[in-house]
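In: no sequence on this one, just coordinates:
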């Protein structure tokens with residue numbers, strides 16, 4: 001990786017997600033990667049894809065800038081909470097409005113589209129209060145399947161790594177510190193690939 005874009009999807013600044021994003025960015029930068037940041041909460045855009053893929057909906061300036069940042073990056077880092085077994089509305093709205101046909105993918109008549117963001121790698125860093133077994137067995141990893149398989153793989157990003165913090169509300173300061181160290185190491189390792 002040469003250029004990583006760290007995308008924060010938590011709608012509230014200063015949460016543990018921000019600390020995870022900081023840790024990953026520090027690790028990647030330490031190993032020579034250029035790191036850019038994008039906090040979705042700071043963007044001004046309508047999160048509703050009105051009319052679906054029929055017609056067109058002009059992209060707001062913040063979404064155009066976000067697209068340019070994604071195009072400039074060769075590694076995308078998604079830092080997100082998992083709520084109700086799903087992605088936060090802010091992240092879903094960003095994907096719906098930004099990852100559109102003609103930019104993120106192209107229908108070619110084959111069963112699956114041509115992913116136009118191919119050549120990039122990604123990491124998903126997520127937090128949730130659920131225990132791992134509940135998320136895996138009861139929810140079938142719903143948020144991760146949605147983001148990784150149904151979105152990132154769909155648009156051509158084939159290599160996606162994951163780091164997940166389960167039972168976040170129960171982690172004490174020592175456990176949170178160990179998690180931050182792990183995420184910083186992930187950033188350093190990813191930068192070396």
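Out: Received it, and whenever you're ready, just let me know what you need. For clarity, every value in this text was computed on a predicted model and none was experimentally measured.
In: contacting residues around the helix or strand in which residue 5 is found?
Out: When elements are assigned from DSSP states H and E, residue 5 belongs to strand 3-8. The list of residues contacting strand 3-8 from outside it, by C-beta atoms under 8 Å, 6 or more residues apart in numbering, reads 17-18, 21, 24-25, 28, 33-41, 69-70, 72-80, 187, 190-191. For every residue, glycine as well, the C-beta is placed using N, CA and C.
In: show residues contacting the lowest-mean-pLDDT helix or strand in the chain.
Out: Sorting the helices and strands of the chain by mean pLDDT, DSSP states H and E puts helix 132-137 at the bottom, at a mean of 86. With contact meaning C-beta under 8 Å, 6+ apart, helix 132-137 is reached by 82, 85, 128, 141, 164, 166.
In: using ChimeraX, define a selection of the buried residues within the contacts of strand 3-8.
Out: The following ChimeraX line selects those of the contacts of strand 3-8 that are buried, judged by 16 or more other C-beta atoms under 10 Å:
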select :17,18,21,24,25,28,33,35,37,38,39,40,69,70,73,75,76,77,78,79,80,187,190,191
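In: nearest residue to the one residue sitting closest to the centre of the chain other than its sequence neighbours?
Out: Against the mean C-alpha coordinate of the chain, by C-alpha atoms, centre = their mean, the closest residue is residue 78 at 2.2 Å. Distance criterion C-beta to C-beta, 6 or more residues apart in numbering; nearest residue to residue 78, sequence neighbours excluded, is residue 124 at 4.8 Å.
In: show me what the helix or strand encompassing the one you found is packed up against.
Out: In this assignment (DSSP H and E), residue 124 forms part of strand 121-127. Counting contacts by 3 or more C-beta pairs under 8 Å, 6 or more residues apart in numbering; DSSP states H and E, strand 121-127 is packed against helix 16-30, strand 75-81, helix 142-144, strand 159-165, helix 173-192.
In: adjacent strands (with direction) for the fourth one?
Out: Applying DSSP bridges to the sheet, strand 159-165 is found paired with strand 121-127 (parallel).
In: contacts for the strand it pairs with, please.
Out: Judged by C-beta under 8 Å, 6+ apart, the contacts made with strand 121-127 from elsewhere in the structure are 1, 16-17, 20-21, 24, 74-82, 143-144, 147-148, 152, 157, 159-165, 168, 183, 186, 190, 193.
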